[in-house]
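1. model the following, please.
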Amino acid sequence: MLSDLKQPIPRSLPPRLPPPHLRDPGDAWVAGPEGQKFWGRFGAAGLLVWHCEGVVLLQHRAIWSHHGGTWGIPGGARKLNETATNAAFREASEEAGVPGELQTVLFESIVDLGFWSYTTVVVESSALFTPVMGDAESEALAWVEVSAVEALDLHPGFASSWPALRERLA
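-> Prediction:
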């Protein structure tokens, strides 16, 4: 639970990326019509892991990342021709060690801006597992009581989606 967290060690520098010609073409920024930035040339997706004990798995984002220092869900850019569900499971495995075999998809929630989209894949976990930071994109990972989520400094996109997601989980 959130109260069990140790103080995170700030990760102030992003990891080194491979040269552009070796990166997936989906790993790029998309500019909106009003100059806003969104990560993922083919859109993005994240995994909201819920357990019946009334907790969700959240990620404290590394300070160097977009909206760093906020809490959200593991996720990221979709690869070329990758489904949102596959992207959400891949990202959650890479960033938080989420074991796919313990998850059952409940529903998806899509924010479609026309030029970019984000899909939240909501799953029920059959067990409370110990999340593992698999890359430098997290300051911390924690199971957080559903009632305590809104008290955290949330990633703006997750903050705007959370009320509807929470209602559907109830």
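2. CA only for contacts and neighbour counts going forward, please
-> Will do.
3. how close does the spatially most distant residue from the centre of the chain sit to residue 27?
-> Here the centre of the chain is the reference, and by Cα atoms, centre = their mean the most remote residue is residue 21, at 25.7 Å. Applying Cα to Cα, to the nearest Å, the value for residue 21 to residue 27 is 11 Å.
4. repeat for residue 100
-> According to Cα to Cα, residue 100 and residue 27 sit 23 Å apart.
5. higher neighbour count, those two?
-> residue 27 (19 against 13; other Cα atoms under 10 Å).
6. confirm that that one sits in a strand.
-> No. Checked against DSSP: H, G, I helix; E, B strand; the rest coil, residue 27 lies outside a strand; its state is coil.
7. contacting residues for the residue nearest to it when sequence neighbours are not counted?
-> With Cα to Cα, 6 or more residues apart in numbering as the criterion, residue 27 has its nearest non-adjacent residue at 5.5 Å, and that residue is residue 40. Shown in contact with residue 40 (Cα atoms under 8 Å, 6 or more residues apart in numbering): 26-30, 76-78.
8. now residue 147
-> Counted by Cα under 8 Å, 6+ apart, residue 147 has zero contacts.
9. just say helix, strand or coil for it.
-> helix.
10. residue 122 too?
-> Under three-state DSSP, residue 122 falls in the strand class.
11. please check the contacts of residue 40 and keep the buried ones.
-> Among the contacts of residue 40, the ones that count as buried by 16 or more other Cα atoms under 10 Å are 26-28, 30, 76-78.
12. if I've got this straight, the residue farthest from the centre of the chain is in a helix?
-> Yes. Assessed by three-state DSSP, residue 21 belongs to a helix.
13. excluding its backbone neighbours, what's nearest residue 45?
-> residue 119 (4.6 Å).
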